[in-house]
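**Q** Generate coordinates for the sequence data below:
(one chain, ligands or ions: 1)
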Amino acid sequence: MDLTKKDKRHVIHPWSDLGSDAEPMVIESGKGVHVFDSDGNRYLDSISGMWCVNLGYGNEEMAKAISDQCVQLAYYTPFGAMASPPSIQLAHELSQLTPGDLNFFQFTNSGSTAVESAIRFVHYYFNCLGQPEKKHIIYRENAYHGSTYLTASLNGKKCDRSYFNYITDIVHSTSDPNPYKKPEGMSIEDFCDLRVRELKDKILEIGPDKVACFIAEPVMGSGGVIVPPPGYHKKTLDVCREYDVLYISDEVVTAFGRLGHYFASEDVFGIVPDIITVAKGITSGYQPLGAAIISDKLVNRISGESASENSYYTNGFTYSGHPVTCAAALKYLEIMKREKINDHVLEVGSHFMKRLKTLKEFPIVGDVRGVCLMACVECVVSDNEEENIAVAQRVDEHCQAKGLIVRPYENLCILSPPLIIDKAGADQIVDILRDSIISTMNEMG
Ligand code: PMP
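**A** Prediction:
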C-alpha cells in the first residue's frame, strides 16, 4: 500500500472530512522556505507549516541542539519539586523578553494546552481569592483558541461548530473587531468604540462579579488575520481593568517574530496583559511546546504567605517543560537574537505587505490585510458566501499548481511565510498569487 492509501485507511486528520475520498498531499522534506512532496514537487511554503516554522526547514543548528539534549537528558518529570536545566534556563531567558511583570511560566505541549492552563489558572486564582463565582470567559466571534474541550468552546468560527459538544454555561462571545466588516459610513474611531462598548455591555450583562477573563488574539489569525482598529487593544484592556476582569492575550501565532517583535501585545499594540499564551514559533515548530505566561502580580497575590489552605496547584502535564522542547526554544531564541530576525521581519514584512496590497486592484479581491509576515487576501465576488469560498478555493488550487502553498480558509487565502524569507521570496508569493487570481478570473469569464 502506498503512503496516501495507508493515510486514508488509518489516520484521522485535524479539521478533515472523514467521508472524503480526497488523497492527502504528503510532504516528505523541506529546505529553507521550500517543502517537497512525495512526488518530488517543490513548493514555496507561504504558511510556515502552520504559522510555526519561523526559521524555515532543515536548520541544522536546531537539529543539533535537539539531538544534543536527547543525549544529555531526554526527559525527566517536572512535577512537584523536580526540574531539569533547559526549562529553568528558558523561563529565565524568556523573562528578559516578556512585557511588564510577566515572569512566571507554565510550560505545556501545545497552544491549546497553554490556553487551557491559562484559564485554569484564572479560575484557581479567583477561587484562592474567595471569589469562586468569577468563572465566566468572554471570547470573540471568529477567534481561535484551541481544540481541547474548554478551548474549543472559545472558538468563534461558525464553521468550527458542528457535531461536537461545547461548554456553554461559562463562555460568552462578543463581536470581532474586523474593520473590513464595519457598518457602511461609520468612521474607524466610532467602529472601535462600538466594539469596546459591546465588550463593556457584555461584562455588565453577565455581571462583573462573575466575569473572570477576556481572551483575545492581538491579531486574529485563523479567523482571518483580523487587525483591530487603532486604540482597540488599549481600550479593551481599560474596560477589563475597570471591572477586575483579567486580560489573556493569546499570542500563539503573533509571538516570537511574526510581527517583527518577540511579543506583539506590548511592542506592537502597547498593552501589558495579565497573561500571555504562546506556542508554535517558540521552537520554530521544531518541537511541540507552549506556555502560559503569568504576571508576578497574579502569582504573588495567591502564593507564599497569602496562599489559601489546601490551594495545591494541581495543573500540568507529563511533558511540561520537556527538556528537549525547551532546548529547542533556547536555540531558537539564540538564533533570533544573533540573526536579528525581528529587524529582518520588519523590513521584509513591510515590503511584502506593500506588494500584497497591489492585489486589491482585482475585482475578485475584497480585502488585503495583515501586519508584517501575517497576512491574508479575502476573495469577494458577491453576497453569496458559497460563491466567495469557491473563488478562493480556485485561487488556492492555481497557487498550488504553480508551486505555492497558501492556507485556504473559507473565502480567504492566509499567508504566513517563514520569517527567513527574503524580498525576492516575498515577491514570488505575490507574483504567483497575482497569476492565480488572473487564471481564476479568466475561468470565470
Ligand atoms: N491559539 C491560537 C491563537 C492559535 O492560532 C492556535 C492554533 N492555530 C491555538 C491557540 C492552538 O494551538 P495548538 O494547535 O498548538 O493546540
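**Q** Just give the number of residues close to the residue of the chain found nearest the ligand.
**A** Nearest residue of the chain to the ligand, counting by Cβ to the nearest ligand atom: G111, 2.2 Å away. Yep, even glycine has a C-beta here, placed from its N, CA and C like the rest. Number of residues near G111 (other Cβ atoms under 10 Å) recorded here: 28.
**Q** for L412, same thing?
**A** Residues lying near L412 (other Cβ under 10 Å) number 25.
**Q** I'd say A255 and E266 touch.
**A** No - contact criterion Cβ atoms under 8 Å: A255 and E266 do not qualify, at 10.9 Å.
**Q** Neighbour count for the two, which is higher?
**A** Remark: of A255 and E266, A255 carries more neighbours, 28 against 20, as counted by other Cβ under 10 Å.
**Q** Leaving out chain neighbours, which residue sits closest to that one?
**A** Take A255 and drop its neighbours on the chain: the residue closest to it by Cβ to Cβ, 6 or more residues apart in numbering is V278, 4.6 Å away.
**Q** can you check L73 too?
**A** With Cβ to Cβ, 6+ apart, the residue lying closest to L73 is P323, at 5.2 Å.
**Q** ok, now F36?
**A** S29 (4.9 Å).
**Q** Tell me the helix or strand right after the helix or strand that neighbour falls within.
**A** According to DSSP states H and E, S29 maps onto strand 27-31. Next helix or strand after strand 27-31 toward the C-terminus (DSSP H and E): strand 34-37.
**Q** which residues are in contact with that following strand?
**A** Applying Cβ atoms under 8 Å, 6 or more residues apart in numbering, the contact partners of strand 34-37 are M25, V26, I27, E28, S29, G30, R42, Y43, L44, D45, Y57, I405.
**Q** which ones are touching the second one?
**A** The neighbours of V26, taking Cβ under 8 Å, 6+ apart as the test, are L3, T4, D7, D37, S38.
**Q** and the helix or strand hosting the third one with strand 27-31, angle?
**A** I take that to be D7. Following DSSP H and E, one finds D7 within helix 3-10. For helix 3-10 against strand 27-31, the angle by axes from the mean of the first three to the mean of the last three Cα atoms, to 10 degrees is 120 degrees.
**Q** Let me see the mean pLDDT of helix 3-10.
**A** Per-residue pLDDT over helix 3-10 has a mean of 90.
**Q** Spatially nearest residue to the residue sitting nearest the centre point of the chain (excluding sequence neighbours)?
**A** Geometric centre of the chain, nearest residue: V253, 2.8 Å, by Cα atoms, centre = their mean. By the measure of Cβ to Cβ, 6+ apart, the closest residue to V253 outside its immediate chain neighbours is G221, 4.1 Å from it.
**Q** Could you pull up the residues touching that neighbour?
**A** W51, Y144, V252, V253, T254, M374, I414, S416.
**Q** Helices of the stretch 1-150 of the chain, start to end?
**A** Per DSSP state H, counting those that start in this stretch, the stretch 1-150 of the chain carries helices over the ranges 3-10, 48-51, 60-72, 85-95, 111-128, 149-152.
**Q** Please export the C-alpha coordinates of the last one as PDB.
**A** Right, helix 149-152. C-alpha atoms of helix 149-152 as PDB (Å, rounded to 0.1, in the frame of the first residue of the first chain):
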ATOM      1  CA  TYR A 149     -13.000  20.800  25.300                       C
ATOM      2  CA  LEU A 150     -12.600  24.200  27.000                       C
ATOM      3  CA  THR A 151     -10.600  26.000  24.400                       C
ATOM      4  CA  ALA A 152     -12.700  24.700  21.500                       C
END
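**Q** Next to the ligand, which bits of the stretch 51-200 of the chain? Give me the list.
**A** Counting by Cβ under 6 Å from any ligand atom, the stretch 51-200 of the chain comes close to the ligand at S110, G111, S112, V115, Y144, H145, G146, S147.
**Q** Tell me how far the third one lies from V252.
**A** Going from S112 to V252 by Cβ to Cβ, to the nearest Å gives 9 Å.
**Q** shared neighbours of those two, anything?
**A** G290.
**Q** before we move on, back to that, can you tell me which of the residues of the stretch 51-200 of the chain next to the ligand has the most neighbours?
**A** So for those (other Cβ under 10 Å), the most neighbours sit at H145, 30 neighbours.
**Q** What separation do you get for it and G304?
**A** 31 Å.
**Q** residue contacts, A212?
**A** V122, H123, F126, K134, K135, H136, I137, V245, L246.
**Q** Make a markdown table out of the contacts of G221 and add pLDDT and secondary structure.
**A** Output for the contacts of G221, formatted as a markdown table (pLDDT from 0 to 100; DSSP: H, G, I helix; E, B strand; the rest coil):
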| residue | pLDDT | secondary structure |
| --- | --- | --- |
| W51 | 97 | helix |
| Y144 | 97 | coil |
| V252 | 98 | coil |
| V253 | 98 | coil |
| T254 | 98 | coil |
| M374 | 98 | strand |
| I414 | 96 | strand |
| S416 | 98 | coil |
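**Q** pLDDT at the residue nearest to A255, what is it?
**A** Looking at V278, the pLDDT reads 98.
**Q** Would you confirm that it contacts V253?
**A** No - applying Cβ under 8 Å, one finds V278 not in contact with V253, separated by 9.3 Å.
**Q** Bridging across strands, which residues link to L246?
**A** C213 (DSSP bridges).
**Q** what's around it, how many residues?
**A** When neighbours are counted by other Cβ under 10 Å, L246 comes out with 25.
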